[in-house]
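Peer 1: let's see this in three dimensions:
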Amino acid sequence: MLVSNHLNNNNMTAEELFAASNEQLHQDAKEWLMRTTDKRTILSVFVATVAFAAAYTVPRGPNQDTGIPILHSKLFCLVFILVDVISLTLALASVGIFFSILTSSFPLEDFKTYLFKKLKQGVICLVVSVTAMAVVFGATIIMITTKNIV
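Peer 2: I've put the predicted structure just below:
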């Protein structure tokens, strides 16, 4: 079966007509997405920096002879390390996702599927990363203030 594109009186398909009549909306959406993604990228890089720095400053420090954290056998030290790695990984993933949006050429077709899905994925990674940093902070407070940690 042969499928043909139906043309209107101006010899335009439905997609061409939509793109032509909504060009300003497309430009506004592109600018909004660029601003939004740019701000989220900066925040993601900041969270990744904090998570990276936290990995090298384990509470109560390392054993000077072995370099292994003093509290390495304690539960909250394990929570600290694992959740910090999760936070760093998700923050870097969100940076990559946001960069993929920023480097897009923003064609109209991508607005329907690709771009907002990527924005949503990046924001979810960022929110989970910040939440993980809050858990790391809580584990740090518990390790610092408690003498007999689990």
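Peer 1: got the contact list for residue 121?
Peer 2: Shown here is residue 121, whose contacts under the criterion CB atoms under 8 Å, 6 or more residues apart in numbering are residue 97. Where you see a C-beta, it was placed from the backbone N, CA and C, and this is true even at glycine.
Peer 1: what's the neighbour count on the closest residue to residue 34 other than its chain neighbours?
Peer 2: Leaving aside its chain neighbours, residue 34 sits nearest to residue 102 (6.9 Å; criterion: CB to CB, 6 or more residues apart in numbering). By other CB atoms under 10 Å, 14 other residues sit near residue 102.
Peer 1: residue 102 against residue 41, yeah?
Peer 2: Yes: Residue 102 is within contact range of residue 41, at 6.8 Å (criterion: CB atoms under 8 Å).
Peer 1: can you pull the contacts of the residue nearest to residue 34?
Peer 2: By CB under 8 Å, 6+ apart, the residues touching residue 102 are 34, 37-38, 41.
Peer 1: which of the residues you listed are buried?
Peer 2: Buried by 16 or more other CB atoms under 10 Å: 37, 41, out of the contacts of residue 102.
Peer 1: check the chain and tell me which residue is nearest its centre.
Peer 2: residue 94 (2.2 Å; CA atoms, centre = their mean).
Peer 1: helix or strand for it, which one?
Peer 2: If you go by DSSP states H and E, residue 94 is part of helix 75-102.
Peer 1: ok, residue 117 next?
Peer 2: Going by DSSP H and E, residue 117 is in helix 114-145.
Peer 1: mind checking the pLDDT average for that helix?
Peer 2: Mean per-residue pLDDT for helix 114-145: 92.
Peer 1: now do it: distance to the chain's middle.
Peer 2: 9 Å (CA atoms, centre = their mean, to the nearest Å).
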